[in-house]
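**Student:** This is a predicted model, with the sequence first.
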Amino acid sequence: MDTFKPLQDRVLIQRINVEQKTKGGIFIPDSAQEKPLEGEVIAVGSGRYSDGKKICLEVKVGDRVLFTKYSEIEVTLKNKKYLLLKEDDILGIVE
């Protein structure tokens, strides 16, 4: 992804889709399941300013993260869907 650079403390994420099925082996259709709250960081902004000092982001490109529900803005770039959210809406890095 070299055509989009988030500003300040914004992070561009690609949602990680986990295949879901019941214990009996029945696959749950996309329309019936909740969207996963996990994704991979594709691009990050340069950081935010607080009291005149620049604070760099803790996440980096390639990190797998968990984020809060309803915090993201869905964007489409080159026919692919991504999520744009603030670093504050990221709960943590999955290791």
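**Tutor:** Cool, got the structure. Numbering: from 1, shown residues only.

**Student:** CA only for contacts and neighbour counts going forward, please
**Tutor:** Fine.

**Student:** In this structure, what residue spans correspond to strands?
**Tutor:** With DSSP state E as the criterion, the chain has strands at 10-15, 38-44, 48-50, 53-55, 64-67, 73-77, 80-86, 90-94.

**Student:** Could you list the residues in contact with the second one?
**Tutor:** Strand 38-44 is contacted from outside by 1, 4-7, 9-16, 57, 59-67, using CA atoms under 8 Å, 6 or more residues apart in numbering.

**Student:** Could you rerun that using 6 Å?
**Tutor:** Strand 38-44 is contacted from outside by 6, 11-16, 61-66, using CA atoms under 6 Å, 6 or more residues apart in numbering.

**Student:** ok, it: who's next to it in the sheet?
**Tutor:** Sheet pairing here is set by DSSP bridges, and for strand 38-44 it gives strand 10-15 (antiparallel), strand 64-67 (antiparallel).

**Student:** cool, the last one as well?
**Tutor:** Note on strand 90-94: by DSSP bridges, its sheet partners are strand 64-67 (antiparallel).

**Student:** who touches the strand it pairs with?
**Tutor:** Contacts to strand 64-67, defined as CA under 6 Å, 6+ apart, come from residues Leu37, Glu38, Gly39, Glu40, Asp89, Ile90, Leu91, Gly92, Ile93, Val94.

**Student:** Report pLDDT for the third one.
**Tutor:** What the model reports as pLDDT for Gly39 is 93.

**Student:** And the residue nearest the centre of this protein?
**Tutor:** The centre of the chain sits closest to Ile13, judged by CA atoms, centre = their mean, with a distance of 3.2 Å.
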